[in-house]
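**Student:** okay, here's the prediction I keep looking at, along with the sequence it came from:
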Amino acid sequence: MNAIEPAVKNLHALSRSNFKEPRIGNYENTQEDNLFMPKEITNRIKIQSSRTKWGFNEEGCNSSVVAACLAIVAANVKSVIAERISDNYPQLEDEELYRYARLVTSAVIAKIHTIDWTAELLKMDTLRAGMQANWYGLLGKTYKDHFGHTGNSILSRFVGIRKPENDGVTYSLTEEFVSVYRMHSLLPDEILLRDIDSLQGRTSPLLSLNGMFIHAFFISIYIARYNQFRRNMLMRPIAKWEDLTNDKEAIAVLREVYGEDVESLDLLVGLMAEKKINGFAISETAFFIFLLMAPRRLKADRFFTSNFDEETYTKEGLKWVNTTESLKDVLGRHYPHMVDKWLNSTSAFSVWDSNPSPRNYIPIYLRIPR
């Protein structure tokens, strides 16, 4: 067993849970599911499916092509990290390598989520500056990379601070955060699948058959309905449908379902119907929760504060986290041919064939917001 084995085991565990292992023998083998995984991994794993050619069966699984692709990317990242750490720490056992690789990968995902994905979800200069400050502090990346954390949570923010700041509450994600973070409704109904060696493409449904049950299930477990949720947040509740949205078609549908009873409006429906701040993909209501939780998930987590060091991550692992700034960096590292051919935008979370953002030499905190 070598350094790549832990990632192989992890992906295989994922496949077993999704493909219902007792029935794997009845599934047909497919080659397409391997995508661009290295031969070291694909030689050890056969991803199999029933009635679909993308590795996820339509029975008992709410997964998608996107999830399969991201699982493969994560497996590649863990494998490379494990090999890099193994090269510098040959005494480590496979389980230790796996744990280090998983920790580093988790930190990379959290960083991408903070300074890359969120900046595209809430697309305005003020939020981009705010999310950069959430990770690097007001002194910015260059200062933090060269001189480390100042010990001040404003100048260097929370990542790398000496001890967690949990405001007297053990690290957790609140029920309110879970309620507003159900963003599957933002996904398109179909995605375009392309072959790297071909200009041809085909569309594929994003969710499997059981995905249709997600919406009804989620609506039933919210902690409050839309108006009460806003009151709990000290936000003004709506008095009529026109307070929620200017979309006449949406208002007509809301009246058909709820009549004039705005108090019965389900939270998820309200969040999706609510008129958005310019540049935002999510509602103002969801943003309020996000604004509270975005810094907390960093400052209250010991792996981003007191244990964000070489002893916990290893020197190579910590360097990997500190030198990865975006999902585009990750894709460029593992799939350079794909990035060169298709990913023209600055962020992988933007429209890939859009123009990249122009270079701006003015520090982000000194720019006039657009």
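**Tutor:** Okay, I see it. Computed from a predicted model, the values in this text were never measured in an experiment. Numbering: from 1, shown residues only.
**Student:** pLDDT weak spots in this structure?
**Tutor:** Judged by pLDDT under 70, the chain has its weakly predicted residues at 1-66, 184, 188-222, 369-370.
**Student:** top helix in it by residue count?
**Tutor:** What stands out as the longest helix in the chain, according to DSSP state H, is helix 65-88.
**Student:** what helices and strands are in contact with that helix?
**Tutor:** Using 3 or more CB pairs under 8 Å, 6 or more residues apart in numbering; DSSP states H and E, the elements in contact with helix 65-88 are helix 5-19, helix 39-42, helix 94-112, strand 190-194, helix 315-323, helix 327-334. For glycine as for every other residue, the C-beta is placed from the backbone atoms N, C-alpha and C.
**Student:** and the gap between the residue nearest to residue 117 when sequence neighbours are not counted and residue 186?
**Tutor:** Among residues not flanking residue 117 along the chain, residue 349 sits closest, at 5.3 Å (CB to CB, 6 or more residues apart in numbering). According to CB to CB, to the nearest Å, residue 349 and residue 186 sit 12 Å apart.
**Student:** same check on residue 334?
**Tutor:** Between residue 334 and residue 186 the distance is 26 Å, computed by CB to CB.
**Student:** how about residue 154?
**Tutor:** 32 Å.
**Student:** cool, and residue 104?
**Tutor:** When CB to CB is applied, the distance between residue 104 and residue 186 equals 28 Å.
**Student:** looking at these two, which is more packed in?
**Tutor:** residue 104 (26 against 10; other CB atoms under 10 Å).
**Student:** from memory the more buried one sits against residue 320, does it?
**Tutor:** Yes: using CB atoms under 8 Å, residue 104 is in contact with residue 320, at 5.5 Å.
**Student:** overlap in contacts, those two.
**Tutor:** Jointly contacting residue 104 and residue 320 under the rule CB atoms under 8 Å, 6 or more residues apart in numbering are residue 81.
**Student:** so residue 239 touches residue 263, yeah?
**Tutor:** No: counting by CB under 8 Å, residue 263 is not a contact partner of residue 239; they are 10.1 Å apart.
**Student:** which residues touch stretch 269-288?
**Tutor:** The set of residues that contact stretch 269-288 without belonging to it, under CB under 8 Å, 6+ apart, is 121-124, 127, 180-181, 183, 185-186, 219, 225-227, 229-230, 233, 235, 244-247, 250, 254, 290.
**Student:** sec struct for residue 234, please.
**Tutor:** Local secondary structure at residue 234 is given as coil here, using DSSP: H, G, I helix; E, B strand; the rest coil.
**Student:** what's the burial count for it?
**Tutor:** Residue 234 has 7 nearby residues by other CB under 10 Å.
**Student:** with adjacent residues omitted, what lies nearest to residue 136?
**Tutor:** Taking CB to CB, 6+ apart, and ignoring the residues beside it in sequence, residue 136 has residue 144 as its nearest neighbour in space, at 5.2 Å.
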